[in-house]
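Asker: everything below, folded, please.
(chains A and B)
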Amino acid sequence: MESIGLIRDFLKDRLGVEPENVVPGAQLAELGVDSLMMLELMFEFEDRFGIKLSRDIKTPRTVGEMVSLMDGLIAKSKS
Amino acid sequence: MSQRRVAITGLGLVSPYGGDLADFFTRLCAGQSAVGFLQTDDVPRPLSMPFVSCPAFDPDVALGKPLASMMDRFAQFAMAAAFSAWDDAGLPRKGEGEDRDDWGVAWGTALGGTMAYEKGYRELWQKGRERLSPLTVLLGMNSSANAHISIQLGLGGVSMSHTVACASSAIAIGEAFRRVRSGEATVMLTGGSDVPQAYGVARAWEALRVMAPGDADTSATACRPFSADRHGLVLGEGGAALVLEDWEHAVARGARIHGEIVGYGTTCDHSHLVRPEAEGQIRAIRLTLADAGLNAANIDYVNAHGTATAEGDPVEVAALKSVFGEHAASLPVSATKSMHGHMLGGSAAIEAIVTVLALRDGSIPPTAHLGQLDPACIGVDHVTTARHGQPLRAALSNSFAFGGSNAVLAFRAVDL
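Answerer: Numbers count the residues shown, from 1 in each chain, chains lettered A, B, ... in the order given. Okay, the predicted model is just below:
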């Protein structure tokens, strides 16, 4: 669950979203994450964990989907 | 073609003094300098120069965090000034059913998002990173200011920026004025902004040897236009915006009209990149007077370009003497850059606002720190302390840029 911290920090820093609202069921769009913010969030993730996301990745719609995606990639990179 | 009258219904800026528009003009009239001393911790050699900063400006507060984080600082200034002018005009931020498809934006910026790219270079070359944030392109593009303004205010007409060095926003305002006058646009949001403290930019200006020296004690009086002991210009950050509106539209909605914009002329010296020539400036002033249907005897104030460079000031006075002839000696002239500094693409917009307020309030702000007049600048009525209670009818604002690009705007008071 390393990625939820990154997502919370990012949304707080960029959009002023309170961490308690960043829960698995929350829609990213409703938190203010548009396609540009998504690009930036992916960039932060790649930077922080040294992982390169593939270009054909399916764009997550909820915080939960984003967390699963990121945690999966982190686990894979460590194995 | 029938021409529309063009009302100025909104004025807004990010004030280097930290207060509102009225506070800004009061301080200018009091001769109070906004010039401070900029000292950075840049490597290899810190910036250390007189400079006008806006320390009270908090983009997160002015714009909200999500919007502010999508913008370079020059666009944050633009957006904040635009919101302020829009609110001043009494216009709702979103159209709410109103058709704004012919409402537009003409912005001026000399540097655009230089800060965003400089941040990128620092990341790559100083911090050894290999990639940049995907937002860098969107923060850095010169047209980001006008684009954000159009989006935020729901304006469906032209959205453009003009880059003409120190005349950028004079030309933006002039082009906006023409669109409203011709009937192409009902409302134009216009103005300019710049943030010249990018390390590479400020260092480059220093190398040109046109910057006034100063330290923590002397910076406030570093910029002394027309003065015998002037030593050059002072850069600053800032942004200013005006709402230009079809006169009948403004009257129909009961808007308060600050003043009327009546003329615009622009020329090029076509001779030298940095050495100004009176002839090109004379043509610009004459074009503007003709465009406005005014003659020299109608002009009661000129806000000069007056940057306090050795070469520029006498040439501007020579141009004024040539155009105004026998009226020149009694023509009130002041250079307010002595107080608000030179914010490059933002300068003409802030000076347009000063000129409109001077007409509206009958008060002429001074050229600050003008002790001993340079003999080469004699020939006009230099205003060295504010004059209040003046029945001003019409005024000009000059902008004479590097590249030899000249732009002059003419304004009229509403009631006289």
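
Asker: please make it C-alpha for all contacts and neighbour counts, starting now.
Answerer: Will do.

Asker: ok, the residue of chain A found nearest chain B - contacts?
Answerer: Residue nearest to chain B within chain A: A:L15 (4.4 Å; C-alpha to the nearest C-alpha). Residues in contact with A:L15, defined by C-alpha atoms under 8 Å, 6 or more residues apart in numbering or on different chains, are A:32, B:65-66, B:69.

Asker: and B:T186, by the same measure?
Answerer: When contacts are counted by C-alpha under 8 Å, 6+ apart, B:T186 touches B:102-103, B:180, B:245-246, B:249.

Asker: quick check: it vs B:A78, distance?
Answerer: Using C-alpha to C-alpha, to the nearest Å, we find B:T186 at a distance of 21 Å from B:A78.

Asker: show me the strands in the stretch 1-150 of chain B, by range?
Answerer: For the stretch 1-150 of chain B, applying DSSP state E, counting those that start in this stretch gives strands covering B:6-14, B:36-39, B:48-51, B:104-108.

Asker: same for the longest one, what does it pack against?
Answerer: For strand B:6-14, the packing partners by 3 or more C-alpha pairs under 8 Å, 6 or more residues apart in numbering or on different chains; DSSP states H and E come out as helix B:21-29, helix B:73-88, helix B:168-181, strand B:238-246, helix B:247-252, strand B:259-268.

Asker: partner strands of it, parallel or antiparallel?
Answerer: The pairing partners recorded for strand B:6-14 under DSSP bridges are strand B:238-246 (antiparallel), strand B:259-268 (antiparallel).

Asker: output the ones you listed in TSV, with distance to B:K321, mean pLDDT and mean neighbour count appended to each entry.
Answerer: Below are the strands paired with strand B:6-14 laid out as TSV (distance: least, C-alpha to C-alpha, whole Å; pLDDT from 0 to 100; neighbours: other C-alpha atoms under 10 Å in any protein chain shown):
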stretch	distance to B:K321	mean pLDDT	mean neighbour count
strand B:238-246	30	98	31
strand B:259-268	18	98	24
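
Asker: could you dump those strands to TSV with distance to B:F411?
Answerer: Output for the strands paired with strand B:6-14, formatted as TSV (distance: least, C-alpha to C-alpha, whole Å):
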stretch	distance to B:F411
strand B:238-246	12
strand B:259-268	4
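
Asker: any idea which of these gets closest to B:T40?
Answerer: Closest to B:T40 of those is strand B:238-246 (C-alpha to C-alpha; 18.4 Å).

Asker: the closest one vs helix B:168-181, what angle?
Answerer: 10 degrees (axes from the mean of the first three to the mean of the last three C-alpha atoms, to 10 degrees).

Asker: centre of the chain to strand B:238-246, how far?
Answerer: Computed by C-alpha atoms, centre = their mean, to the nearest Å, the separation of strand B:238-246 from the middle of its chain amounts to 10 Å.

Asker: dump it to PDB, restricted to CA.
Answerer: Provided in PDB are the C-alpha atoms of strand B:238-246 (Å, rounded to 0.1, in the frame of the first residue of the first chain):
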ATOM      1  CA  GLY B 238       3.300  41.900 -12.600                       C
ATOM      2  CA  GLY B 239       0.100  41.700 -14.500                       C
ATOM      3  CA  ALA B 240      -2.700  44.100 -15.400                       C
ATOM      4  CA  ALA B 241      -6.000  43.600 -17.200                       C
ATOM      5  CA  LEU B 242      -8.700  45.800 -18.800                       C
ATOM      6  CA  VAL B 243     -12.200  45.000 -20.000                       C
ATOM      7  CA  LEU B 244     -13.000  46.700 -23.300                       C
ATOM      8  CA  GLU B 245     -16.700  46.700 -24.100                       C
ATOM      9  CA  ASP B 246     -19.000  47.900 -26.800                       C
END
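
Asker: need the three-state assignment for B:N398.
Answerer: With DSSP: H, G, I helix; E, B strand; the rest coil as the basis, B:N398 sits in strand.

Asker: whoops, B:G254 was the one
Answerer: Recorded secondary structure, B:G254: coil (three-state DSSP).

Asker: and what of B:H327?
Answerer: The three-state assignment at B:H327 reads helix, by three-state DSSP.

Asker: skipping its backbone neighbours, what lies nearest it in space?
Answerer: Counting by C-alpha to C-alpha, 6 or more residues apart in numbering or on different chains, B:A297 is the residue found nearest to B:H327 once chain neighbours are left out, at 6.6 Å.

Asker: isn't that neighbour right up against B:A328?
Answerer: No. Using C-alpha atoms under 8 Å, B:A297 makes no contact with B:A328, being 9.3 Å away.

Asker: neighbour count: these two, which is higher?
Answerer: Neighbour count, other C-alpha atoms under 10 Å in any protein chain shown: between B:A297 and B:A328, B:A328 has more, with 20 against 13.

Asker: so for stretch B:247-258, mean pLDDT?
Answerer: For stretch B:247-258, the mean pLDDT works out to 98.

Asker: now do the same end-to-end measure for that stretch.
Answerer: 12 Å.

Asker: so for residue 68, what's the pLDDT?
Answerer: Using chain A. Each residue has a pLDDT score; the one for A:S68 is 93.

Asker: right idea, wrong chain: chain B
Answerer: Reported pLDDT for B:A68: 95.

Asker: what's the answer for the one 10 residues further on, then?
Answerer: At B:A78 the predicted local distance difference test score is 98.

Asker: for it, what are its contacts?
Answerer: B:145, B:149, B:191-193, B:239-241.

Asker: between those residues, which sits nearest B:A22?
Answerer: Comparing those against B:A22 with C-alpha to C-alpha places B:A240 closest, at 13.7 Å.

Asker: ranges for the helices of chain A?
Answerer: For chain A, helices defined by DSSP state H occupy the ranges A:2-15, A:35-49, A:63-78.

Asker: now render the ones you listed as JSON lines, adding distance to B:F400.
Answerer: Shown next, in JSON lines, are the helices of chain A (distance: least, C-alpha to C-alpha, whole Å):
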{"stretch": "helix A:2-15", "distance to B:F400": "40"}
{"stretch": "helix A:35-49", "distance to B:F400": "39"}
{"stretch": "helix A:63-78", "distance to B:F400": "54"}
